[in-house]
Structure formats: C-alpha cells, structure tokens
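>>> pasting the structure only:
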Ligand code: HEC
Ligand code: HEC
C-alpha cells in the first residue's frame with residue numbers, strides 16, 4: 001500500500017507541480033521568488049490536431065509570398081526567425097515594401113502597431129495587443145484581409161494555391177479527412193498548426209527550475225529575485241512571462257488598445273502583457289516600438305512600478321540585473337523554424353536583412 005505522504009509526492013511528480021506558495025519550487029528544484037507553476041501542456045483544438053504534415057505545410061505557406069497581393073510579401077516578412085519572430089522594426093511594412101526584413105525596410109503600408117513575437121503563441125488565449133482575436137485559426141486569415149499587410153482576399157489566395165500542383169498534394173496529405181482538402185478553413189488550420197510549433201521552453205531558466213542550480217549566473221539570479229520583488233512577475237507571469245492582464249504603460253501613442261474591444265474606460269490605452277520569452281531577440285519594444293533597447297524598456301517599466309508605489313526605487317545595478325535575467329535566462333531558440341530555400345509557388349522567398357548574431 002502507498003502511504004499518504006508518498007502518494008502526495010507521486011501525484012505531485014505526475015502532475016509536475018510544486019506547493020504553489022510564493023518562494024515555491026519544483027519538486028527537487030531550487031527555490032523561486034514566485035509560486036512554481038509547470039510549463040503548460042501544448043494543446044490544439046479538437047478539430048485541428050497538430051500533425052507533422054500540417055506543420056510542414058504551414059511552414060511553407062508562412063514563407064510563401066503567394067499569399068500576398070504583390071507576390072513578394074509573406075507572414076515571415078513581419079514575423080521572421082532572424083528577428084525573434086518579429087521584424088526588428090518599430091512598426092511593420094506590408095505589401096509593396098522595399099528592402100529585406102529588418103531595420104531599413106520601408107514602404108507605403110506601415111502597420112499601426114509593432115509586430116508581436118510568435119514565440120509561444122500557442123499558449124495565448126487572447127491574440128493581438130488588444131486581445132481582439134481568440135484563436136490562431138480565426139487569426140490566420142486576418143493578415144490577408146488587411147490591405148496593408150498581405151492584401152489578398154482569402155478567396156483569391158485559395159484560387160492561387162489551387163494552380164500549384166505541389167500545394168494540392170500537400171493539402172491532400174495534411175487534410176485527408178476534409179472535403180475539399182484545400183479551402184480557407186484548411187489554409188487557416190495549417191498556418192495555425194505551424195505557429196503552435198513555435199515553442200520556447202528550454203531556456204536556462206527552465207533548466208534552473210528543473211534542478212540545475214548552475215544554469216543561471218549570479219547577476220541573473222539577482223535579476224530574477226528583483227523581477228519578483230518589483231512586481232514584474234505579477235503581469236509577466238512565469239513560466240510564460242506573460243498574461244491576459246491588460247495595462248496602459250503610459251506610452252502616449254494615442255492607441256485606444258483594449259478599450260476598442262471592451263468599450264471600458266479603464267481599458268483606455270491598455271495592452272495585453274507581452275511575453276518576455278526570447279525578448280532579447282524582438283527589439284524594438286512596446287506596442288508602438290518606441291523603445292529601442294531591452295535595458296531602456298526595463299528601466300521604463302521599473303519607473304512605472306515605482307511611480308505607482310508598487311516598488312521601491314532600484315539602483316542602476318539592479319536594473320542591469322533584471323535586464324541580464326531577461327536577456328540571458330529566457331532565451332531558447334532550439335525550435336526555431338528554418339527558412340525554406342524555395343517554396344511550392346516558385347516565387348522567391350522574402351529576404352532577411354543581415355543581423356549580427358547575438
Ligand atoms: C505587414 C506585417 C505583417 C504581416 C505580413 C503579418 N503580420 Fe502578424 N502581426 C503583425 C502586427 C503588426 C501584429 C500586431 C497587430 C495588433 O496587435 O493589432 C501581428 C500579430 C500577429 C499575431 C498575434 C500574436 C499575439 O501574440 O497575439 C499572430 C498570431 C500573427 N500576427 C500571425 C501572422 C500570420 C500567420 C501571418 C501570415 C498569414 C502574419 N501574421 C502576417 C504584422 C504582420
Ligand atoms: C500591470 C502589469 C505590468 C507590470 C507590473 C509590468 N509590466 Fe511590463 N508590460 C506590461 C504591458 C501591458 C506591456 C506592453 C505595454 C505596451 O506596449 O503598451 C509591457 C511591456 C514590457 C516590456 C516590453 C516587451 C515587448 O516585447 O515589447 C518589457 C521588457 C517589460 N514590460 C518588462 C517589465 C519589467 C522588468 C517589469 C517590472 C519592473 C514589468 N514589466 C512590470 C505589463 C506589465
């Protein structure tokens with residue numbers, strides 16, 4: 001017979017959860033400045049389970065400019081693996097733009113907001129800065145409908161895909177149970193399945209939580225403690241370092257934010273708390289891309305918490321420590337997608353600007 005204490009431990013191991021108290025820890029892991037919560041399980045909607053064939057089809061579509069009005073722009077133009085699944089620009093440049101993805105790309109169609117990273121997007125329940133969309137399947141065709149992003153009505157996209165024999169084969173293989181196999185629904189499902197594969201869960205922080213006490217350096221450990229102490233973790237909640245908390249962070253862009261969705265006065269200018277996983281890759285920061293460096297973004301956020309009386313003032317060294325924690329401890333690009341050399345349409349894959357490797 002299993003004794004009660006042992007049964008509890010077994011259950012905790014099976015469920016992968018700790019005691020749930022601040023200062024909690026994973027079973028066998030070092031203490032944390034916040035309640036331990038396991039990395040969430042990856043799930044997909046019942047009608048769109050992820051399969052390797054769907055994910056691969058989604059990847060090709062994501063990089064294929066066949067989904068754009070100018071046949072030169074793709075999802076990857078604004079969500080590139082080289083720029084942290086974003087594009088290195090304050091605001092993105094859509095169809096009829098000039099230049100590779102990255103700083104320097106210009107054009108007549110500039111988005112209203114900074115392109116969000118797609119890392120760990122599978123775990124978000126509300127999408128976009130204002131949370132107006134609820135699922136990746138529902139979101140996937142929006143950039144096509146948006147005249148300044150891809151600007152190709154979905155019906156036209158389907159007609160274009162239908163002229164490419166390789167896509168007909170790939171859609172048939174990915175959606176054997178659908179009729180027709182190529183439709184707006186299956187296009188959205190393939191793009192969604194690909195995006196669900198963009199998981200970042202093996203950063204040094206995760207190794208530390210799993211019991212490797214040496215995974216974080218001294219400065220990062222100080223930064224982690226301060227990230228908890230200054231209240232950052234309340235909104236950027238571990239282990240995803242994000243949440244559905246909407247807050248106005250005083251950027252003064254005039255963007256109505258969440259208020260446009262809920263109509264509530266307290267949501268004026270409020271944005272969804274972004275993920276800080278792989279955050280060092282996706283500069284510039286905030287919904288308007290107005291802050292260039294991670295250090296400046298951290299200093300700004302600390303200043304707001306101090307102004308609200310929710311944190312004591314922090315020294316320059318302490319701001320450095322939080323920056324080091326975000327910079328080093330939360331980066332994992334092991335499941336980064338690879339850019340296809342060619343795509344089924346035969347159109348050139350959109351180019352990326354050169355980025356000095358970090
Ligand atoms: C012209 C640039 C551009 C293109 C092209 C583009 N996006 Fe985006 N994407 C953005 C911007 C900007 C946002 C933030 C918009 C907002 O919040 O209002 C965004 C947001 C998103 C989000 C929400 C992420 C989150 O964390 O809530 C997803 C998902 C997404 N895009 C997927 C795609 C897919 C799939 C494609 C191709 C079908 C695509 N995007 C094409 C610029 C672009
Ligand atoms: C009340 C919730 C809340 C708290 C507390 C909070 N943040 Fe934020 N944080 C946000 C929101 C919301 C944004 C996006 C605001 C926008 O762009 O308008 C953001 C943006 C950021 C960004 C930019 C991320 C990106 O990809 O653009 C960083 C970095 C950041 N916060 C760090 C911190 C740090 C460090 C602390 C603690 C000192 C902190 N935050 C406290 C809600 C919060």
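Now that the structure is in, tell me what you want to look at. What you are looking at is a predicted structure, and each value in this text was computed from that prediction instead of being measured. Numbering: from 1, shown residues only. Ligands and ions are numbered 1, 2, ... in the order given.
>>> Can you give me the neighbour number for residue 190?
As a burial measure, residue 190 scores 28 neighbours (other Cβ atoms under 10 Å). No exception for glycine: its C-beta is placed from N, CA and C like everyone else's.
>>> Regarding it, what is its secondary structure?
The three-state assignment at residue 190 reads helix, by DSSP: H, G, I helix; E, B strand; the rest coil.
>>> ok, now which ones touch it?
Listed by Cβ atoms under 8 Å, 6 or more residues apart in numbering, the contact set of residue 190 reads 54, 57, 58, 61, 171, 174, 175.
>>> In helices only, show me the residues you listed.
54, 57, 58, 61, 171, 174 (DSSP state H).
>>> my read: the third one touches residue 195, true?
Yep, that's residue 58 we're talking about. Yes. Taking contacts as Cβ atoms under 8 Å, residue 58 lies within contact range of residue 195: 7.2 Å.
>>> need the residues of the chain near ligand 2, please.
230-232, 234-236, 245, 247, 249, 251, 271, 273-274, 276, 279, 282, 285-287, 297-298, 301-302, 305, 322 (Cβ under 6 Å from any ligand atom).
>>> any idea of the mean pLDDT for the longest strand seen in the chain?
Scanning the chain for the longest strand, with DSSP state E as the assignment, gives strand 243-247. Strand 243-247 carries an average pLDDT of 97.
>>> count of neighbours near the closest residue to residue 322 other than its chain neighbours?
Among residues not flanking residue 322 along the chain, residue 223 sits closest, at 4.5 Å (Cβ to Cβ, 6 or more residues apart in numbering). Residue 223 has 25 neighbouring residues, counting by other Cβ under 10 Å.
>>> Contact partners for residue 223?
With the criterion set at Cβ under 8 Å, 6+ apart, residue 223 makes contact with 320, 321, 322, 323, 324, 325, 326, 329.
>>> Can I get those residues in JSON lines including neighbour count?
Below are the contacts of residue 223 laid out as JSON lines (neighbours: other Cβ atoms under 10 Å):
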{"residue": "320", "neighbour count": "18"}
{"residue": "321", "neighbour count": "23"}
{"residue": "322", "neighbour count": "27"}
{"residue": "323", "neighbour count": "21"}
{"residue": "324", "neighbour count": "22"}
{"residue": "325", "neighbour count": "26"}
{"residue": "326", "neighbour count": "27"}
{"residue": "329", "neighbour count": "23"}
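>>> Please indicate which of the residues of the chain next to ligand 2 are buried?
For these, a neighbour count by 16 or more other Cβ atoms under 10 Å gives the buried set as 230-232, 235-236, 247, 249, 251, 271, 273-274, 276, 279, 282, 285-287, 297-298, 301-302, 305, 322.
>>> Narrow the residues you listed to those in helices?
232, 235, 297, 298, 301, 302, 305, 322.
>>> between those, which is closest to residue 214?
residue 322 (20.5 Å; Cβ to Cβ).
>>> So that closest one is in contact with residue 232, correct?
Yes. Between residue 322 and residue 232 there is a contact under Cβ under 8 Å: 7.3 Å.
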